[in-house]
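Undergrad: Dropping the sequence and predicted coords here.
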Amino acid sequence: MYTDLDAVFRKFLSGARAQRHTVEITRHYRSPGSSGYHTATRYVAEAIRDAGADEISEERYPLDGDTRFLGRTMPPAWEPLEATLTLIEPVREHLISYEEVPSTLPWWCTSTPDGGVDVQVVDVGHGLSAADYSGKPVEGNAVLIRDSESRPAWAHAAELARRHGAAGIITDFLHSQTPPWRTREALPDAVQLLRLPPRWDNAWAFSVGYRVAQHLADLIRRGPARVHASVRARTFRGEGVNLIGTIRGGDRARESVFFVAHTSAGTKPCANCAAGPSLMIELCRSIQAAIRAGAVPRPRRSLRFMFVAEGLGSSYFIHTHRADLADIKAVLCLDSVGHRQSTLKSSLVMYRSPDSVPGYVNDVGGALIEASMDAAWPFRAGPAISLVNFQQLPYTPWSDNHYWVTFGVQAPLFMSWPDLYFHTQLLTAEHTDPLVFERAGRVLGSLAVGIARAGPADAAPIIKEVAARSAYRLSRLTRDGLAELSQPGGEDGGSPASNALDRIGRHVRIVVERDAQAIRAAVALAGSDEGIDKMTQLADRAVQGLRRQADAELDGLAALAGIDAPPALSRAPDEGATPTPHRTSDGIAPGVVGLTYDEMAALVRAMQTEDAAVNWESLRIFGDELWNLADGRRTVAEIGEAICVEFGFRLGANHFLTLARGLEKAGLFRLEVAPVRSESGSLLHGDAHRR
C-alpha cells in the first residue's frame, strides 16, 4: 500500500538529520519538570518551527503531587543536581557519581543532609521479604538490595527498605533483562535508571553496576562496610508542557492523525527516548517539503506532532480534549525508533493497538512494514535485502499508547526491542542509525499521510487489506486447531475432540467479531454520505465473507474430527461462569492494583503452571485489557478468553478473576454475579467505528 508515499519519503526524509536532533536532545537530563526537560522542549520547539509546521501551540499543566487527571495524580517535578558515593571503611574508594553516571540517581530520591552522611551498608539480598531485614541494623543506615530483575520486585524491595527505616538504598537492579545479552552479569558496568514512588519523603538512593554491588557485598561478608553518601536533588512543584506542531489539513482539517513522542527521558543521555521526537521533527520537515515541491497534495486531515512528558502529557491532553477524541483517527506513538540494531541486539517493532480498540491501523501498518523491506529476489536486479529488521507484535503498554487506547483511540507503539542498554548510561546517540530512522520514517510517514488523505477511493483498499489479513488469521487459527482435536477432554466430561472444537469455535468467534469491527472502522474515512454508503456495502460484503469462511473452516474441522454439528458462530461462552466486572472509575487503565507483591508473585507462579510463557510483564498487559474490555456486559471468563486469543496464552478464567478481585479491592471494579449483556454480545468498544 501507498507505494507513492514510500517513494516520497525515500526522497525527502533524512535519517542523518534525525540522528543529529538525537545528539542535541541527549545533551540534557530530561526528568519531567526539570530544567533539562524544558531546555530540550525549547530545542524541539525551534526545530519543529524550522521544519515548517503551520501552527505551533503549547499546553502547560502542573506537576505538583496533588492535581489529578483521569484518575491519576500528577507527580511532583524532580531534578538531580549532584551526587557522590564513596566507600570509607574498610578502605577509602570512589564508587560512583552523578556527574560520571547520571542514571545513578533514582527519580524522586531525596537529598542527604548538607555535607553528606556516613552510614553502614547492610546487605539485605534481594530485599523482598521482611525476613531479609529482620535482626539487621537497617534503621538509619543504607541497605544493599541486589538485582532481581522484575520492576515490581524493585518497587516492593524499596518499600520494604523504607518501612524498616533505611536512610538510603544502594542497588544493582537491572530490569527488562533479555538473556544472554542483557543480564546483570553480562553488563557489569550498566547502571539502570530506576524510579521510586513519586512522593516528597523518599530515602536517598544510588543505582550502581554489578561490579560495585558485588564489591560491596564481598566487603560486608568480611566485616562492616561504611560509605559516605552525598546527594543533592530537587523534588518540587513544577510543570509539564505539551508542544504541538500542526500541518493543517484541507477539507477535513478538524480531523487529525497524531504523532506522539516524549521529550522527557529516564536519564541522560537516553538516546532511545530522544529518537522519537527527533524522527517526528524530520517527518514534519519531509512532509512539508514534499507538499511545497508538489510531490504530495496537502492531506485532507491535519497532521499533529505532539511532544509530551511521557504519559503525563497524554493524560492531560485526553482529560482536556475528551470531546475531540472522536476526530482523532489514530495516534502513532514513537519511542526508540533509531536503534543501531547490530550493537543493541534490537529490532524495530510495531506493537499493535490492542484488540479492545479494533481498527484498520494495525493491518495497514503491517502491510507498510512488509512493503518497506527492500527485498529483491536473486535473479532480478535491485536493492539488497534490508539489514534493518522490523517486526509486528501484540500490544504492549510501554509508553503513551497505553493512555490513548483506554479511551478507544487506535494507538500502535513504534520502538526498538530488545534494547541492550535500555535506560542506562550506555545508551548514547552513537548507538542510533540513520538507516533505522529512515525505515521507521517511511512506514510512519506513509501510514499517517495515507490515513490523513483518505477519501472514498482510499477506504476501499484499506477494507480489502484488513479483510485479506483477517482471512489469513482465520486460516491460521483453524490450522493450529488441528492439533487440539487430539488433546484430552475437559472436566465437563465431553469428548476430547468436541471440547477442542468448542474452544476453537469460541476463538474463531472472537476473531471474526474483532475483525468485523476493524473493517467497519475504515468506512468513516470515506468522508461523504455517498462514499460512506458505498464503503458500508463493501464492508458488509467483506464481513459476510469472513463469516462464511469461518463457518466453512469449522465445518472442515468438524468433519476431520467426526463431529456432526460444529459450534455456531453466534453461540457465546458460558455466561454464568464468572462475574461481570463494571468499572467504577472513568480513568486510565490502572494496571495490576489491589494485589500485594506476594499475591502477584503467587499469581504469576500459578499462571506458569498452565502456560510457561507467562512472566511478570504479562500481568501488565492482562491488567490493561481486563480494564479496557470491561463494559458491564462481558464476564471475566469471556474477557480472559479474549485476552488469551489476543496474546496467544492458554490460561483458565480463575487467574483473571484474581486480577479482577484486586481491582475490586482497590475500589475500581464492581463485580456482579449475573452478567448483563447487550443483544449483540459484542466483545469490543461500541464507539470504535467513529475513529
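TA: Right, received. Where do you want to start? Predicted, not measured: the structure shown is a model, and the values here were computed from it.
Undergrad: Am I right that Arg60 falls within a strand?
TA: Yes: per DSSP: H, G, I helix; E, B strand; the rest coil, Arg60 lies within a strand segment.
Undergrad: number of nearby residues for the closest residue to it other than its chain neighbours?
TA: Spatially, and ignoring its direct neighbours in sequence, Arg60 is nearest to Glu239 (5.1 Å; CB to CB, 6 or more residues apart in numbering). In this view, the C-beta of every residue, glycine as well, is placed from N, C-alpha and C. As a burial measure, Glu239 scores 15 neighbours (other CB atoms under 10 Å).
Undergrad: would Glu239 count as being in a strand?
TA: Yes: assessed by three-state DSSP, Glu239 belongs to a strand.
Undergrad: and the helix or strand where Leu160 lies, C-alpha only, in CSV?
TA: Here Leu160 sits within helix 151-163, counting by DSSP states H and E. Extracted in CSV, the C-alpha atoms of helix 151-163 (Å, rounded to 0.1, in the frame of the first residue of the first chain):
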residue,chain,number,x,y,z
ARG,A,151,10.1,-4.0,38.1
PRO,A,152,7.5,-4.9,40.7
ALA,A,153,10.3,-6.6,42.7
TRP,A,154,12.3,-3.3,42.8
ALA,A,155,9.3,-1.3,43.9
HIS,A,156,8.5,-3.9,46.6
ALA,A,157,12.1,-4.1,47.9
ALA,A,158,12.4,-0.3,48.1
GLU,A,159,9.1,0.0,50.0
LEU,A,160,10.2,-2.7,52.5
ALA,A,161,13.5,-0.8,53.0
ARG,A,162,11.5,2.4,53.8
ARG,A,163,9.3,0.6,56.2
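Undergrad: Buried ones in that helix, by neighbour count?
TA: Pro152, Ala153, Trp154, His156, Ala157, Ala158, Leu160, Ala161, Arg162 (16 or more other CB atoms under 10 Å).
Undergrad: just those now: which is nearest His262?
TA: Closest approach to His262 among the buried residues of helix 151-163 (CB to CB): Trp154, at 21.5 Å.
Undergrad: Isn't that closest one up against Ile169?
TA: No: using CB atoms under 8 Å, Trp154 makes no contact with Ile169, being 9.9 Å away.
Undergrad: Now for the two: what residues contact both?
TA: Residues touching both Trp154 and Ile169 by CB atoms under 8 Å, 6 or more residues apart in numbering: Ile145.
Undergrad: Show me where the stretch 151-300 of the chain has its strands.
TA: Under the criterion DSSP state E, counting those that start in this stretch, strands of the stretch 151-300 of the chain are mapped to 168-171, 204-207, 226-236, 238-247, 256-262.
Undergrad: Check the stretch 401-550 of the chain too.
TA: Under DSSP E, counting those that start in this stretch, the stretch 401-550 of the chain gives strands at 413-417.
Undergrad: Please enumerate the helices of it.
TA: Remark: helices assigned in the stretch 401-550 of the chain by DSSP state H, counting those that start in this stretch are 401-405, 434-452, 456-484, 496-521, 529-561.
Undergrad: and the angle from the longest one to helix 456-484?
TA: Interaxial angle of helix 529-561 relative to helix 456-484 (axes from the mean of the first three to the mean of the last three CA atoms, to 10 degrees): 10 degrees.
Undergrad: What of the fourth one?
TA: If you take the same axes, to 10 degrees, helix 496-521 sits at 170 degrees to helix 456-484.
Undergrad: quick one: buried residues of helix 496-521?
TA: Buried residues in helix 496-521, counted by 16+ other CB under 10 Å: 497-521.
Undergrad: report the angle between the axes of the lengthiest strand in the chain and strand 238-247?
TA: The longest strand of the chain (DSSP state E) is strand 77-89. Inter-element angle recorded for strand 77-89 and strand 238-247: 130 degrees (by the same axes, to 10 degrees).
Undergrad: Neighbouring strands of strand 77-89 in the sheet, and parallel or not?
TA: strand 93-97 (antiparallel), strand 226-236 (antiparallel) (DSSP bridges).
Undergrad: quick one: average pLDDT of it?
TA: Strand 77-89 carries an average pLDDT of 98.
Undergrad: Ok, stretch 351-371 next?
TA: Mean pLDDT, stretch 351-371: 96.
Undergrad: Likewise for stretch 54-66?
TA: Across stretch 54-66, the average pLDDT comes to 98.
Undergrad: Show me which positions of that stretch end up buried.
TA: By 16+ other CB under 10 Å, the buried positions in stretch 54-66 come out as Glu59, Tyr61, Pro62, Leu63, Asp64, Gly65.
Undergrad: would you turn these into CSV with distance to Ala83?
TA: What follows is the buried residues of stretch 54-66, written out as CSV (distance: CB to CB, whole Å):
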residue, distance to Ala83
Glu59, 33
Tyr61, 29
Pro62, 27
Leu63, 22
Asp64, 24
Gly65, 22
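Undergrad: Closest one of those to Val436?
TA: Glu59 (30.8 Å).
Undergrad: can you tell me how far Val241 sits from Glu55?
TA: Distance, Val241 to Glu55, by CB to CB, to the nearest Å: 16 Å.
Undergrad: One more: Glu159?
TA: Plainly put, Glu159 is 45 Å away from Glu55 if you go by CB to CB.
Undergrad: cool, and Ala7?
TA: Applying CB to CB, the value for Ala7 to Glu55 is 28 Å.
Undergrad: returning to that earlier point: and the strands of the stretch 151-300 of the chain as TSV, adding mean pLDDT?
TA: Below are the strands of the stretch 151-300 of the chain laid out as TSV (pLDDT from 0 to 100):
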stretch	mean pLDDT
strand 168-171	98
strand 204-207	98
strand 226-236	98
strand 238-247	98
strand 256-262	98
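Undergrad: Would you mind measuring from the closest residue to Glu255 other than its chain neighbours to Ala521?
TA: Spatial nearest neighbour of Glu255, excluding adjacent residues (CB to CB, 6+ apart): Arg301 at 4.3 Å. Using CB to CB, Arg301 is found at 15 Å from Ala521.
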